[in-house]
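[1] The following block contains a protein sequence and its predicted model.
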Amino acid sequence: MDNASYTTLTRQSGLMREMQSVANNIANASTTGFRREAVVFSEHVADLGEMPSLSMARAGGHHVDTSQGGFEKTGGPLDLAIEGDGFFMVETPDGERLTRAGHFVSNGQGDLVTPDGFRVLDAGGAPVFVPPGAASISIAADGTMSADGDPISQLGLFTTDPNGLVRVGNSLFEATTGTQPLTDGQMLQGFLEGSNVDPVTEIARMIEVQRSYELGQKFLEKEDERLRSVQQLIRR
């Protein structure tokens with residue numbers, strides 16, 4: 001296989017990864033707290049001496065779009081949306097994870113948990129407890145939770161380097177570079193933040209990627225025909 005085919009194959013592999021990323025974005029356009037993700041391409045150039053240099057593209061990175069999603073009013077006392085930067089932190093069997101999906105409930109033990117049963121952590125990293133017999137729960141903008149007017153906890157908001165976010169499922173992230181408490185975060189009680197995916201933009205990108213992939217496939221087919229023709233000429 002010649003250099004042109006190798007170059008095209010690496011590009012095709014990257015386009016396939018990008019197509020999967022775009023498809024996942026579209027599938028989660030209505031998922032609470034979902035963050036759009038994009039593939040990052042890098043270029044590797046090899047010096048071939050007297051021959052022209054060889055350039056190959058590789059889809060070796062990803063970028064998580066942390067821009068704000070739209071708010072939906074639910075009126076739920078344990079539904080929370082983050083205005084601006086920051087993430088909630090939850091405790092999972094695999095360790096602490098970050099999320100922007102603020103649809104929380106109280107389990108049978110009084111812990112504040114996600115729909116998957118992961119406990120929500122406060123500003124100090126401890127589980128948040130919701131008194132089962134409380135008649136009313138209020139949560140201030142700074143995360144201070146009160147039961148029947150008495151402060152009982154403060155939900156934590158955390159920040160991290162967006163480049164270190166690794167998606168775990170649809171709305172959870174692992175912070176590979178560590179986290180820091182966010183002291184000036186703002187929460188909205190009774191609201192949920194939607195996905196930050198723009199379906200129209202993603203569909204347009206999908207069409208663009210598909211066309212690029214088809215052009216690469218046609219090139220590989222023509223290159224295969226050319227090599228076969230050369231082999232046939234040599235055999236004569």
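    Thanks, I have it.

[2] I'd like the distance between residue 217 and residue 210.
    If you measure residue 217 against residue 210 using CB to CB, to the nearest Å, the figure is 10 Å. Yep, even glycine has a C-beta here, placed from its N, CA and C like the rest.

[3] Then residue 216?
    From residue 216 to residue 210 the distance is 11 Å (CB to CB).

[4] So between those two, which is more surrounded?
    residue 216 (18 against 13; other CB atoms under 10 Å).

[5] got the contact list for that one?
    Going by CB atoms under 8 Å, 6 or more residues apart in numbering, residue 216 touches 8, 11-12, 15.

[6] now, which of the residues you listed lie within strands?
    Per DSSP state E, strands hold no members of these.

[7] Of those residues, which is the most crowded?
    residue 15 (24 neighbours).

[8] for this structure, what's the longest helix?
    The single longest helix within the chain, with elements called by DSSP state H, is helix 199-235.

[9] tell me the contacts of residue 79?
    Contacts of residue 79 (CB under 8 Å, 6+ apart): 102-104, 189-192.

[10] Let me know the distance separating it from residue 92.
    Between residue 79 and residue 92 the computed distance is 20 Å (CB to CB).

[11] same question, residue 169
    From residue 169 across to residue 92, the span is 9 Å (CB to CB).

[12] Between those two, which is the more surrounded one?
    residue 92 (17 against 10).

[13] Tell me how far the more buried one lies from residue 148.
    Noted for residue 92: a distance of 31 Å to residue 148, by CB to CB.

[14] How about residue 37?
    From residue 37 over to residue 148 the distance is 42 Å, taken as CB to CB.

[15] First-to-last residue distance for stretch 158-173?
    Using CA to CA, to the nearest Å, the end-to-end distance of stretch 158-173 comes out at 12 Å.

[16] can you pull the buried residues of that stretch?
    158-160, 165, 170-173 (16 or more other CB atoms under 10 Å).

[17] Among those, which pair sits farthest apart?
    The span of the buried residues of stretch 158-173, defined through CB to CB, is set by 159 and 170 at 21.1 Å.

[18] Check which helix or strand residue 25 maps to.
    Assigned by DSSP states H and E, residue 25 belongs to helix 3-27.

[19] Can you get me the centre-to-centre distance for that helix and its chain?
    Put simply, helix 3-27 sits 18 Å off its chain's centre (CA atoms, centre = their mean, to the nearest Å).

[20] name the helices or strands packed onto that helix?
    Contact here means 3 or more CB pairs under 8 Å, 6 or more residues apart in numbering; DSSP states H and E; on that basis helix 3-27 packs against strand 37-46, strand 54-64, helix 199-235.

[21] in it, what's buried?
    Within helix 3-27, the residues scored as buried using 16+ other CB under 10 Å are 7-8, 10-12, 14-15, 17-19, 21-22, 24-25.

[22] on that earlier part again, in terms of neighbours, single out the busier of residue 37 and residue 148.
    Taking other CB under 10 Å, residue 37 and residue 148 do not tie; residue 37 has more neighbours (17 against 12).

[23] residues contacting the more buried one?
    By CB under 8 Å, 6+ apart, residue 37 lies in contact with 21, 24-25, 62-65, 167.

[24] what's across from it in the sheet?
    Beta bridges link residue 37 to residue 64 when assigned by DSSP bridges.

[25] And it, how far from residue 87?
    Distance from residue 37 to residue 87, by CB to CB: 15 Å.

[26] wait, which of the contacts of residue 37 is closest to residue 115?
    residue 167 (17.8 Å).

[27] Would you check how far apart the closest one and residue 32 are?
    Counting by CB to CB - residue 167 and residue 32 are separated by 15 Å.

[28] And for residue 161?
    24 Å.
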